[in-house]
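Engineer: Need a 3D model of the following:
(4 chains)
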Protein chains: 2
Amino acid sequence: MTATKEKIIEAAYSCFAEKGYIGTTTREIAKTAGVSEITLFRYFRTKAALFEAVINRYSILSDLKKIASENNDKNIEETIKHIAKRIYLTLRKKKKLIRIILSEITNHPNEITEIYNKFLARIDSMLLKIFEQKKEKIELKENLNLQLAVRGFHCMLFAFFQTNEIFLKKELSEQEIEETINTFVNILFEGIKKEGNK
Amino acid sequence: MTATKEKIIEAAYSCFAEKGYIGTTTREIAKTAGVSEITLFRYFRTKAALFEAVINRYSILSDLKKIASENNDKNIEETIKHIAKRIYLTLRKKKKLIRIILSEITNHPNEITEIYNKFLARIDSMLLKIFEQKKEKIELKENLNLQLAVRGFHCMLFAFFQTNEIFLKKELSEQEIEETINTFVNILFEGIKKEGNK
DNA sequence: TTAGATAGTAAGTGCTTACTAACAGTTAAT
DNA sequence: ATTAACTGTTAGTAAGCACTTACTATCTAA
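Structural biologist: Numbering: from 1, shown residues only, chains lettered A, B, ... in the order given. A predicted model of the protein is given here:
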């Protein structure tokens, strides 16, 4: 991978995130990358091929894999809090990719659905694994559908990210992120009702 | 509003949801509506004007207003469950609008942000109002940030909808929806831990 | 019967866009 | 110094698109 090629992919990544795939011209990408348009086409035969390269280059899966591989010796609540924060920060780091995923369901449904599926599966399994590892340390409600609960939890996190950082363009501070995650994790484990009132 | 105009708006709504604003041609919309292209332009001077008409015609705010106005005599858990289900079904009814909102952040950021803001504010306030009305019937944890909890709850619902119905194209059955909402509401109030283990 | 509103056909304008052809300049390794 | 790899300039092609012009057909109400 030459530096030029990398520059082009990076420029395309930014442009696609900002204006969408169709809304971005190859001329624009070339200009952003600081190369001529024909250089772009020498590296990528078509705009679609460039799109694919962008998607592969900026995959979020490796980030998630890394998070999943970190071992946690804390108790389960703290572990989940820590992972939730890591996920949130990863989403932010890959904010442009998330924008592309959201805006390209219409134009690249197959590619996007595939990515989204893998993304989902990985987060699901990462969280479920934690519960599996620490199952002796926590007693769950008997009638609980854990898969659904876990799915709901990261949906909460994802939509919260999406709302703030994508739609409202508001970058939360470290402190706000932590408060949010504490609240969400407390809800997951304890709910909002005061103890003893159940 | 003539029948022809209505037909055009409806066709545009479907096309925009399916292929995005830029990805849809006016010819395509006209064909879907069963009118000639020039008729389309007689009613809407520009494609952008048509887009605006679509957004106004298929607003989700009135649906939410209606849900909020229904009075609920049940206890708070049941009320929230009921409202959550109504919201989910409303999202599904307006699935095309949600697709448009997601995919047009890049092309119509201002309009979309405005819509999203109102949507958020309305759901927030609808849920907070319930808690306000029934505050004597429930004792919440002292250190709880209720606004954040409420926001987290409908984020959970929204992202769950988005995941299934938009990305995975899977239409949940009534039963699945109810199981999901029961799980989510139980988590909100009680958490996943077994009682007495806290 | 007539007038006005509504719809259609057909052709076309002007612009943008992905992608190409042909040629020339630059750099680095041998 | 020469070659090979890489990059740039300039111009252009073919297609698609939003939107227009000019004219015609249909229908309803008075």
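Engineer: Next, the spatially most central residue of chain A: secondary structure please.
Structural biologist: With distances taken as C-alpha atoms, centre = their mean, the residue of chain A nearest its centroid is residue A:91 (3.8 Å). With DSSP: H, G, I helix; E, B strand; the rest coil as the basis, residue A:91 sits in helix.
Engineer: mind checking how far it is from DNA strand C?
Structural biologist: According to C-beta to the nearest atom of the strand, to the nearest Å, residue A:91 and DNA strand C sit 28 Å apart. For the C-beta atoms, the positions are set from N, CA and C on the backbone; glycine is no exception.
Engineer: so that residue makes contact with residue A:102?
Structural biologist: No: counting by C-beta atoms under 8 Å, residue A:91 stays clear of residue A:102, with 11.9 Å between them.
Engineer: Sketch out the low-pLDDT regions of chain A for me.
Structural biologist: A:196-198 (pLDDT under 70).
Engineer: So which residues of chain A form helices?
Structural biologist: A:3-19, A:26-33, A:37-43, A:47-57, A:61-69, A:76-93, A:95-103, A:109-133, A:146-161, A:174-190 (DSSP state H).
Engineer: Now that we have those, can you turn them into JSON lines and tack on distance to residue B:176?
Structural biologist: Below are the helices of chain A laid out as JSON lines (distance: least, C-beta to C-beta, whole Å):
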{"stretch": "helix A:3-19", "distance to residue B:176": "33"}
{"stretch": "helix A:26-33", "distance to residue B:176": "43"}
{"stretch": "helix A:37-43", "distance to residue B:176": "46"}
{"stretch": "helix A:47-57", "distance to residue B:176": "31"}
{"stretch": "helix A:61-69", "distance to residue B:176": "26"}
{"stretch": "helix A:76-93", "distance to residue B:176": "25"}
{"stretch": "helix A:95-103", "distance to residue B:176": "24"}
{"stretch": "helix A:109-133", "distance to residue B:176": "16"}
{"stretch": "helix A:146-161", "distance to residue B:176": "10"}
{"stretch": "helix A:174-190", "distance to residue B:176": "21"}
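Engineer: between the ones you listed, which one is nearest to residue B:182?
Structural biologist: helix A:146-161 (9.5 Å; C-beta to C-beta).
Engineer: That closest one packs against which elements?
Structural biologist: helix A:76-93, helix A:109-133, helix A:174-190, helix B:146-161, helix B:174-190 (3 or more C-beta pairs under 8 Å, 6 or more residues apart in numbering or on different chains; DSSP states H and E).
Engineer: Return the distance of that helix from the chain's centre.
Structural biologist: 12 Å (C-alpha atoms, centre = their mean, to the nearest Å).
Engineer: buried set for it?
Structural biologist: A:146, A:148-161 (16 or more other C-beta atoms under 10 Å in any protein chain shown).
Engineer: filter those by proximity to DNA strand D?
Structural biologist: Of the entries in the buried residues of helix A:146-161, none also sits close to DNA strand D under the rule C-beta under 7 Å from any atom of the strand.
Engineer: what two of these are the furthest from one another?
Structural biologist: A:146 and A:161 (22.8 Å).
Engineer: what does chain A put close to DNA strand D?
Structural biologist: Counting by C-beta under 7 Å from any atom of the strand, chain A sits next to DNA strand D at A:2, A:3, A:4, A:34, A:35, A:36, A:37, A:38, A:39, A:42, A:43.
Engineer: Keep those residues, but drop any that are not near DNA strand C.
Structural biologist: Answer for the residues of chain A next to DNA strand D near DNA strand C (C-beta under 7 Å from any atom of the strand): A:37, A:38.
Engineer: Now that we have the residues of chain A next to DNA strand D, can you turn them into JSON lines and tack on neighbour count?
Structural biologist: Listed next are the residues of chain A next to DNA strand D as JSON lines, based on neighbours: other C-beta atoms under 10 Å in any protein chain shown:
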{"residue": "A:2", "neighbour count": "8"}
{"residue": "A:3", "neighbour count": "7"}
{"residue": "A:4", "neighbour count": "15"}
{"residue": "A:34", "neighbour count": "11"}
{"residue": "A:35", "neighbour count": "18"}
{"residue": "A:36", "neighbour count": "12"}
{"residue": "A:37", "neighbour count": "15"}
{"residue": "A:38", "neighbour count": "9"}
{"residue": "A:39", "neighbour count": "16"}
{"residue": "A:42", "neighbour count": "13"}
{"residue": "A:43", "neighbour count": "19"}
